[in-house]
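Enquirer: Pasted the sequence and its predicted model underneath.
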Amino acid sequence: ALRLAVEEHQLDQSIVEETKRFKNESYPWLMAAMGLAMATFILGGGVPTGAIPKWVHQGLFLATLTVQIKAVLVEQLVLTQNRRLIRQTENKIST
């Protein structure tokens with residue numbers, strides 16, 4: 001939406017670049033959280049059979065929890081910055 005607003009109102013392209021920075025800041029954490037959650041779930045299936053030691057699953061769980069907390073914090077920061085950028089862009093358009 002911001003990209004379209006920038007194009008329609010001939011605003012500074014730095015607004016679009018800022019949204020790309022938001023993505024670059026948050027996506028690695030979000031992908032890591034998702035990947036770790038999947039690995040924890042999948043490898044957890046091997047614990048009852050003895051194929052995977054219990055400590056591996058527990059360690060993955062703690063790593064997953066830690067990365068998910070970090071991802072939530074980063075996403076909260078990025079969403080706050082994005083809302084601020086949207087308001088600033090709206091102000092530029094309305095003036």
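Expert: All right, it came through fine. Numbering: from 1, shown residues only.
Enquirer: In stretch 19-37, which residues are buried?
Expert: Buried residues in stretch 19-37, counting neighbours by 16 or more other CB atoms under 10 Å, are found at 19, 22, 26, 29, 30, 32, 33, 36, 37. (Glycine included, C-beta is placed from N, CA and C.)
Enquirer: Next, the third one: secondary structure please.
Expert: For residue 26, the secondary structure call by DSSP: H, G, I helix; E, B strand; the rest coil comes out as helix.
Enquirer: which residues touch it?
Expert: Applying CB atoms under 8 Å, 6 or more residues apart in numbering, we find residue 26 in contact with 71, 74, 75, 78.
Enquirer: swap in the fifth one?
Expert: The neighbourhood of residue 30, defined by CB under 8 Å, 6+ apart, consists of 71, 75.
Enquirer: and if you look at the fourth one?
Expert: Contact criterion CB under 8 Å, 6+ apart gives 67, 70, 71, 74, 75 as the residues in contact with residue 29.
Enquirer: ok, so of the residues you listed, who is nearest residue 10?
Expert: residue 75 (30.8 Å; CB to CB).
Enquirer: Let me know how buried that closest one is, in neighbour terms.
Expert: 17 (other CB atoms under 10 Å).
Enquirer: I'd like to know how far it sits from residue 42.
Expert: Residue 75 is 24 Å from residue 42, where distance means CB to CB, to the nearest Å.
Enquirer: Helices along this protein, start to end?
Expert: Taking DSSP state H to define them, one finds helices in the chain at 2-8, 14-44, 54-94.
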